[in-house]
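# All I have is the shape, not the residue letters:
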């Protein structure tokens with residue numbers, strides 16, 4: 001099941017990034033059909049694995065597992081079963097989509113990645129004492145391995161001519177994937193094997209076997225890149241065959257490892273540890289909030305990836321002799337640091353235990369960090385540094401990115417009314433429904449909630465004060481109206497939270513049994529007031545920035561008109577104003593003559 005999933009992702013990756021396209025269209029129909037066949041195999045093996053799991057858990061013959069009632073109960077009443085529902089739905093969506101455009105394959109690749117990592121959130125790492133780091137590292141580990149192994153398999157499915165074109169691009173992707181696999185594998189092992197006795201267990205022995213295979217693969221990767229430089233292509237394709245064999249062995253060892261429970265660790269069983277994965281911290285103060293840290297592996301990996309791409313883009317421009325404004329880099333760094341502080345730092349730690357701290361983290365993620373990220377102009381940097389098309393007919397990565405920016409969906413999302421509805425409307429949908437309490441119960445829910453806050457904030461402030469190119473040109477007056485509307489809606493939300501007489505967390509914080517801030521309703525009211533105070537300041541700053549941008553735009557327009565008038569005068573012609581006045585005079589004479 002895992003192997004067919006990885007290979008399916010590799011074929012989607014090949015269609016998206018490695019194979020050539022013609023103006024964004026997929027021409028390799030044979031590869032599309034093969035991708036669909038592997039997706040169907042992935043779906044069938046998933047069903048088979050579910051039946052085997054039911055047989056194993058209930059200790060009954062496999063034939064007895066073909067009971068629809070039992071299957072429905074397993075899929076809907078167990079956490080791991082629900083994750084397989086996500087995987088099945090994702091695969092069915094991929095089978096129903098026609099992979100004819102590059103943009104569609106990007107979406108398909110994202111769906112496939114969600115499908116393959118969904119069960120990871122219910123793996124043995126979820127019971128680890130550092131389950132935030134363990135799960136995040138394992139998710140990124142699976143994604144990187146899928147790109148590495150699956151991408152290499154997809155490369156072998158191309159024609160000889162296309163292989164030669166795609167090989168350098170895959171080599172760079174494989175290098176980043178190999179580094180990621182090693183780092184995340186080490187992080188995962190560290191969270192589970194923290195003693196010599198643990199390494200001597202069966203789980204430790206299998207881990208050592210996997211490490212040795214990974215080191216061998218990295219060695220193959222080094223030879224791979226050396227042969228690319230020598231351009232000894234017959235030899236490199238023989239190397240690729242051996243590399244694939246060891247990769248498949250690594251996948252099977254990894255699958256074996258996922259079925260073996262890690263050594264038991266002495267972890268204190270408290271409500272805080274059982275629910276959040278970390279021990280209850282002491283009552284918050286400035287020092288504790290600033291110094292506390294518990295890595296959210298998945299969010300930390302995304303931030304590292306974003307920073308690596310940004311630094312690479314700046315270095316590419318530097319090699320071209322183009323200076324990237326230092327102010328943009330600093331703004332982006334501040335935004336990324338704020339996200340880390342609100343998710344893994346002290347604010348993120350305490351946000352899991354008290355509503356007031358959660359609301360403070362929410363404001364940092366949705367209001368403060370997005371401003372820094374938006375002012376860092378990451379879209380402009382990407383447009384200047386993304387890989388160009390490899391031939392005249394191909395879109396390439398940069399062309400596909402431009403097409404996404406100008407797509408109808410992008411125009412809808414960057415409509416200021418839509419951005420406002422997502423930014424403020426989601427507050428009421430989250431906090432005044434059972435959704436908030438349900439999402440706080442698990443690491444995946446908490447992660448996706450934080451990610452939503454961040455993305456909604458980036459979208460909103462990008463529409464209002466962003467310096468990147470946008471598909472919709474929005475008048476400054478409309479921006480100001482949207483800002484005042486956001487201020488009003490946000491104030492109304494905060495007052496609603498402060499006025500609530502019942503808890504909004506569906507009993508989540510009561511389950512933690514924290515010894516400080518025991519008045520949960522008072523803590524909730526404090527959270528509402530914090531949301532009001534912290535939310536208004538960034539919006540006011542956005543209002544000030546909009547006024548400044550409006551004034552700068554008017555000045556540029558006035559300068560343009562002046563330059564046009566000077567050019568017209570130098571050529572003995574009327575300027576734009578004189579031409580417009582003459583046009584009005586002609587209309588007036590026509591009216592008088594009638």
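Thanks, I have it. All of these numbers come straight from a predicted model, not from anything done at the bench.

# Just give the closest residue to residue 154, not the sequence neighbours.
Nearest residue to residue 154, sequence neighbours excluded (C-beta to C-beta, 6 or more residues apart in numbering): residue 14, at 3.1 Å. Every C-beta, even on glycine, is put in place using the N, C-alpha and C of the backbone.

# what helix or strand does the nearest residue to residue 402 once chain neighbours are set aside sit in?
Sequence neighbours aside, residue 383 is the residue nearest to residue 402 in space, at 7.2 Å (criterion: C-beta to C-beta, 6+ apart). Following DSSP states H and E, one finds residue 383 within helix 378-385.

# Now do the same contact list for residue 120.
Residues counted as contacts of residue 120 (C-beta atoms under 8 Å, 6 or more residues apart in numbering) are 135, 138, 139, 142.

# let's go with 10 Å and repeat that
By C-beta atoms under 10 Å, 6 or more residues apart in numbering, the contact set of residue 120 is 83, 126, 134-136, 138-143, 258, 298, 444.

# now swap in residue 154 and tell me
Counting by C-beta under 10 Å, 6+ apart, residue 154 touches 7-19, 31, 34-35, 147, 166, 170.

# so the residue nearest to residue 402 touches residue 401, yeah?
Yes. The pair residue 383 / residue 401 is scored as a contact, 7.2 Å apart, by C-beta atoms under 10 Å.

# The helix or strand harbouring residue 548 packs against which elements?
Residue 548 is part of helix 520-570 when elements are defined by DSSP H and E. If you count contacts as 3 or more C-beta pairs under 10 Å, 6 or more residues apart in numbering; DSSP states H and E, helix 520-570 packs onto helix 355-363, helix 369-375, helix 426-431, helix 443-465, helix 476-499, helix 508-511, helix 576-593.

# now do 6 Å
Helices and strands touching helix 520-570, as assessed by 3 or more C-beta pairs under 6 Å, 6 or more residues apart in numbering; DSSP states H and E, comprise helix 355-363, helix 443-465, helix 476-499.

# Quick one: residues in contact with the second one.
In other words, helix 443-465. Contact with helix 443-465 is made by 121, 135, 298, 343, 362, 365-366, 370-371, 373-374, 414, 416, 419, 422-423, 439, 479, 542, 545, as judged by C-beta atoms under 6 Å, 6 or more residues apart in numbering.

# Also stretch 331-344?
By C-beta under 6 Å, 6+ apart, stretch 331-344 touches 295-296, 299-300, 303, 307, 310, 347-348, 361, 364-365, 368-369, 372-373, 375-376, 450.

# For this protein, just list every one of the strands.
Taking DSSP state E as the criterion, the chain carries its strands at 21-22, 25-26.

# so which of these is the most packed in?
Among those, strand 21-22 has the highest mean neighbour count (mean count of other C-beta atoms under 10 Å), at a mean of 18.

# Neighbouring strands - and their directions - for that one?
Using DSSP bridges, strand 21-22 pairs in its sheet with strand 25-26 (antiparallel).

# From the chain's centre, how far out is the partner strand? Work that out for me.
On the basis of C-alpha atoms, centre = their mean, to the nearest Å, strand 25-26 sits 25 Å off its chain's mean C-alpha point.

# got it, and stretch 40-47?
Stretch 40-47 sits 26 Å away from the centroid of its parent chain (C-alpha atoms, centre = their mean).

# likewise stretch 84-104?
With C-alpha atoms, centre = their mean, you get 18 Å for stretch 84-104.

# Name the residues that touch it?
With C-beta under 6 Å, 6+ apart, stretch 84-104 has contacts from 21, 24, 26, 32, 39, 42-43, 50, 75, 105, 108, 111, 114-115, 118, 400.

# Now, those that are in helices?
32, 39, 42, 43, 50, 75, 105, 108, 111, 114, 115, 400 (DSSP state H).

# which of the residues you listed are buried?
Among the ones in helices among the contacts of stretch 84-104, those scoring as buried are 32, 39, 42, 43, 50, 75, 105, 108, 111, 115, 400 (criterion: 16 or more other C-beta atoms under 10 Å).

# Out of these, the closest to residue 329 would be?
Closest to residue 329 out of those is residue 400 (25.8 Å), distances taken as C-beta to C-beta.

# give me every residue that touches the closest one.
Counting by C-beta under 6 Å, 6+ apart, residue 400 has contacts residue 102.

# Now with 7 Å, please.
24, 102, 103, 106 (C-beta atoms under 7 Å, 6 or more residues apart in numbering).

# Which one of those residues sits in the busiest neighbourhood?
Among those, the one with the most neighbours (other C-beta atoms under 10 Å) is residue 102, at 25 neighbours.

# where does the stretch 251-400 of the chain dip in pLDDT?
In the predicted model, the stretch 251-400 of the chain carries pLDDT under 70 at residues 254-255, 257-268.

# Could I get the full set of helices for the stretch 251-400 of the chain?
Secondary structure of the stretch 251-400 of the chain by DSSP state H, counting those that start in this stretch: the helices cover 271-276, 286-291, 297-319, 326-343, 346-351, 355-363, 369-375, 378-385, 396-405.

# tell me which residues in the last one are buried?
Under the neighbour-count criterion of 16+ other C-beta under 10 Å, helix 396-405 has 396, 397, 398, 399, 400, 401, 402, 403, 405 buried.

# angle of it against helix 378-385?
140 degrees (axes from the mean of the first three to the mean of the last three C-alpha atoms, to 10 degrees).

# Can you tell me the centre-most residue of the chain?
The geometric centre of the chain, computed from its C-alpha atoms, lies nearest to residue 302 (C-alpha atoms, centre = their mean), at 6.4 Å.

# Now for it: which residues touch it?
With C-beta under 7 Å, 6+ apart, residue 302 has no contacts at all.

# gap between it and residue 145?
Distance of residue 302 to residue 145, computed by C-beta to C-beta, to the nearest Å: 17 Å.

# Can you pull the poorly scored residue ranges out of the stretch 1-150 of the chain?
Under the criterion pLDDT under 70, the flagged ranges of the stretch 1-150 of the chain are 123-131.

# Count residues in the vicinity of residue 47, would you?
Look at residue 47: counted by other C-beta under 10 Å, it has 13 neighbours.

# what's the closest non-adjacent residue to it?
In space, residue 47 is closest to residue 88, 7.8 Å off (C-beta to C-beta, 6+ apart).

# thinking again about what came up before, name the nearest of the contacts of residue 400 relative to residue 60.
Using C-beta to C-beta, the contacts of residue 400 come closest to residue 60 at residue 106, 43.0 Å.

# ok, residue 219 to residue 3 distance?
Per C-beta to C-beta, residue 219 is found 22 Å from residue 3.

# quick one, which of these two is more surrounded?
Neighbours were counted for residue 219 and for residue 3 using other C-beta under 10 Å; residue 3 has more, 20 against 12.

# got a list of what that one touches?
Contacts of residue 3 by C-beta under 7 Å, 6+ apart are 248, 251.

# what do you get if the cut-off is 6 Å, keeping everything else the same?
residue 251.

# Return the per-residue confidence for the residue nearest to residue 437 when sequence neighbours are not counted.
Once flanking residues are discounted, residue 437 sits nearest to residue 506: 2.6 Å by C-beta to C-beta, 6+ apart. We have a pLDDT of 85 for residue 506.
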